[in-house]
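# next one to model:
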Amino acid sequence: MNYVSGDHMNMNNRKLFNHWFIFLLPLFFSEVEGCVPGTWGYWCEHRCNLRCLFSTCDRMSGICDLGCEPGFEPPACTELCVHGEYGNGCSQKCPDECADRSCHHVTGECFTCKLGYHEILCDEGTTLCLRPLLYFHRDFLCKKHWIERKQILASTHVCIPGKWGYWCQQNCNRRCLDSKCNRESGLCDHGCEPGYSSPTCSKVCSKGHYGKSCSHKCPIGCADGSCDHVTGVCFTCKRGYHGSLCDQECEDGHWGLKCSRSCSRLCYLKSCNHVTGQCDIGCERGYKPPNCMEACPYGFYDYNCSKLCPPGCSEEGCQAENGDCYTCISGYQGDHCDKECANGHWGLNCSNSCSDLCLNGSCNHVTGQCDLGCVPGYQSPNCDEECNSGQWGKNCSKSCDQKCLSKSCDHVTGHCDKGCVAGYRSPNCNEACGFGYHGSSCSQSCPTRCSEKGCDHTTGHCFECIPGYQGPICDRECNSGQWGQNCSKSCDQKCLSKSCDHVTGHCDKGCVAGYRSPNCNEECNSGQWGQNCSKSCDQKCLSKSCDHVTGHCDKGCVAGYRSPNCNEECDIGLWGLGCNRSCSSHCLNETCDHVTGHCNKGCMAGYLLSNCTEACPHGYHGKHCSQTCPRGCADGGCDHMTGHCHTCHPGKYGKSCSKTCPKGCSAEGCHRKTGHCLACVPGYRGRACDSECDHGQWGLNCFNSCQIFCVNGSCHHVTGQCDMGCDSGYQSSNCTPVQRSTKEVLKTGSTSTTIGVTLTSVAIAIIVVTAIAVFVYRRNRKFSYRVYTSVIDPRSEVMSMEEAGADLPVEISPSDRAPLSNYFN
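Numbering: from 1, shown residues only. Here you go, the predicted model:
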């Protein structure tokens, strides 16, 4: 291990001495000798401004304490006099006659004169304007005269170089380029000499600028950014720069004013900032930036003190150059104390050995504690204590088995040193007895009626009994009515007395009706039933199948039979499957065969086939359809039961259409059943149309009335002709008026005329009244007839009294009735 040497202490003392020497050296020199003339500053590193009077300045501040050369502003003497001033200390004002009150900062010469003035100082005034023949005071007329003169002479008059003005009596500013200016205005149109600006070149370049048109900036290395306004030469260079234009940085390894100082040897690669001298790329090992004059602070080392001392170093720290620890903390070793103690060692300088009771002989390199644990049977951080009672093994993490007697075991092996509880074996008592054994030391066999699953190794109780037995050790038969494994099954309900073998479950006393097999759990075979399945199903059961218990035909009976066992025929009037069909109503006595439904006593008239369900074919009727319909039937068809015609030929009526309608019937004929005329021929009335029209009536339905001029109002009942003659004055069969000559008419005289007029009026009135009465009467009769003949079908089949019998009422339809006039007789 390295300790602080005498050389190291001497080196620190030398550093401390150098630091104080560097700090006190400038004070010593400044107090004893002062700066040489023309210099100033902390190290006298600055030169006084060249514009200081006699080039001397204050040693500490650099101010020109004796004043400035003419034309520069005190106290620094770095700037030209402000506009309008010139001379020593810029104390004099430019003459009023100078244009814009602008003049040279040293001599006071006007750059340009006001109008009307000339010469160097413009002190010889021309107060009157010159004009041919007349003199005028200088005013607006003078200016106007100058403008007019300018326009006249512009193309012919030219001043010599360096002159300008109306009479070319003004001198161009000598700062104008080539001393040339505008002939009329005096402005420097071609530019200014380097270092000057403004239209008249009367202004020195502003601070920081120089050269032609003041377009160049002073070099960045010039102190205060100032330089000669003409040449650009810096008055003084900034720290870290050199050269005529102060545009070159100090060479590597040097810095400061005029690059006169060398970088510290403690700077990395002896390189530093050319301005400040600081070690800007860092320090050598063991030194602190930025000046690299101090050693690294406690706890740091390496270049720029950038690293912390290794964590393994003690409180004494480490060497600033290489980081080597002076001493290590407990548990570590090596120059940087970055290596843990070798396995099996610990403590300061790794001088201690780990305990033999530590697992693998390994312990914590700092504390010596057995951090990987202890060998089996020991505990505590240092593994110097045996396990507590009831615990054993590595780190005492295991508990003695619950099956150890007194729960006690060896603290290292875990063996039950006092033995095991019943049902367990082996040194640790963690193994149950082998299959088929139980009890203390596993010396007893399982009961004989235990199933193949064996018994509990502790109690000896069977996990399961063989079929037919029960109890913890399977020593009892099943209770009555139970059987099988664990007696868990009940004897079948179909066993007689519900009794069976306790092992097999066989019904030892037999089965109830309808079941078979040893266990009585199978129904009788198809077609069998009853006790021991000894009976056969009835032949009349469908599919010869019946209930295995009762023998009832569960699928029903064959056709013609009924009752649960199908041993009874269908009731009278019923037949077929289930006796659910009725004999045909056309069977005689409505009886039929109970199996086929055939009408075994025959059919009623009008029906045929075995079941009497089909009517006679067209044209036949009667029993067995053996009779043909009457010839008088219009369509050859008749009622299949009675033989009555459906319709008759025209002019015929009656059941067999064998009767002829009355002669008085019209072409419409008569009613098919009653024979009543549907309409009469003209001149007749009544049901049979055998009565002539009443007196005074004639024609179809006797609707017409005889002419009033017929004798007695009588006429023929068919034609309406006045068959008994006409009244006086009328003639022919229709009794039309007689035509008289002119003489006969004139003879009658006025009396006849009067009578005739009167009679005529009366006759006309009678005719009108009669016509109205006849019209009303005929309309009513026509409406009544239309109602009776159209609303009811005249062919409706209504039985007559002869057909229906004397004791039945007879319905007479309107069509059966003759017109109303036939009933008025």
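# just the CA trace of stretch 396-405, in PDB.
Extracted as PDB, the C-alpha positions of stretch 396-405 are listed here (Å, rounded to 0.1, in the frame of the first residue of the first chain):
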ATOM      1  CA  CYS A 396     -32.800 -24.600   9.500                       C
ATOM      2  CA  SER A 397     -35.500 -23.900   6.900                       C
ATOM      3  CA  LYS A 398     -37.200 -27.300   7.200                       C
ATOM      4  CA  SER A 399     -39.500 -28.500  10.000                       C
ATOM      5  CA  CYS A 400     -39.500 -32.000  11.400                       C
ATOM      6  CA  ASP A 401     -42.300 -34.100   9.800                       C
ATOM      7  CA  GLN A 402     -45.600 -34.100  11.700                       C
ATOM      8  CA  LYS A 403     -45.500 -37.900  11.600                       C
ATOM      9  CA  CYS A 404     -42.300 -37.900  13.800                       C
ATOM     10  CA  LEU A 405     -43.200 -38.900  17.400                       C
END
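# what lies in contact with that stretch?
With contact meaning C-beta atoms under 8 Å, 6 or more residues apart in numbering, stretch 396-405 is reached by 374, 377-379, 387-388, 390-392, 407-409, 411, 414, 416, 418-421, 423-424, 428-430. To be clear about C-beta, it is placed using only N, CA and C from the backbone, and glycine gets the same treatment.
# where in this structure is pLDDT low?
For the chain, the stretches flagged by pLDDT under 70 are 1-34, 116-158, 740-763, 765, 768-771, 773-825.
# now residue 211: how far from residue 238?
Between residue 211 and residue 238 the computed distance is 20 Å (C-beta to C-beta, to the nearest Å).
# let me see the contact set for residue 203.
83, 102, 196, 197.
# residue 730 now?
By C-beta under 8 Å, 6+ apart, the residues touching residue 730 are 709, 736, 737, 738.
# which one is residue 434 nearest to, not counting chain neighbours?
Among residues not flanking residue 434 along the chain, residue 442 sits closest, at 6.6 Å (C-beta to C-beta, 6 or more residues apart in numbering).
# for the one you found, grab the count of nearby residues.
Other residues near residue 442 number 19, with proximity taken as other C-beta atoms under 10 Å.
# quick one, phi/psi of it?
Torsion angles at residue 442 (phi, psi; degrees, to the nearest 10) stand at phi 60, psi 40.
# now swap in residue 212 and tell me
Per-residue torsions, residue 212: phi -60, psi 130 (degrees, to the nearest 10).
# ok, for it, nearest residue in space, not its chain neighbours?
Per C-beta to C-beta, 6+ apart, closest to residue 212 is residue 194, 4.9 Å.
# repeat that for residue 104.
Closest residue in space to residue 104, ignoring its immediate chain neighbours: residue 86 at 6.3 Å, by C-beta to C-beta, 6+ apart.
# residue contacts, residue 188?
Residue 188 sits next to 172, 173, 175, 176, 177, 180, 181, 182, 199, 200, 201 when contact means C-beta under 8 Å, 6+ apart.
# go ahead and confirm the fifth one touches residue 190.
Yes - with contact defined as C-beta atoms under 8 Å, residue 177 and residue 190 form a contacting pair (4.7 Å).
# the more surrounded of those two?
With neighbours defined as other C-beta under 10 Å, residue 177 and residue 190 compare such that residue 177 has more, 18 against 13.
# please report the distance of that one from residue 212.
Distance of residue 177 to residue 212, computed by C-beta to C-beta: 9 Å.
# need the overlap of contacts for the two.
Any residue near both residue 177 and residue 212 by C-beta under 8 Å, 6+ apart counts here, and that gives 191, 192, 193.
# if you rank those residues by neighbours, which is first?
Most neighbours among the shared contacts of residue 177 and residue 212, by other C-beta under 10 Å: residue 192, with 22 neighbours.
# for residue 440, which non-adjacent residue is spatially closest?
Once flanking residues are discounted, residue 440 sits nearest to residue 422: 4.8 Å by C-beta to C-beta, 6+ apart.
# ok, how many other residues are close to the one you found?
For residue 422, the count of nearby residues is 17 (other C-beta under 10 Å).
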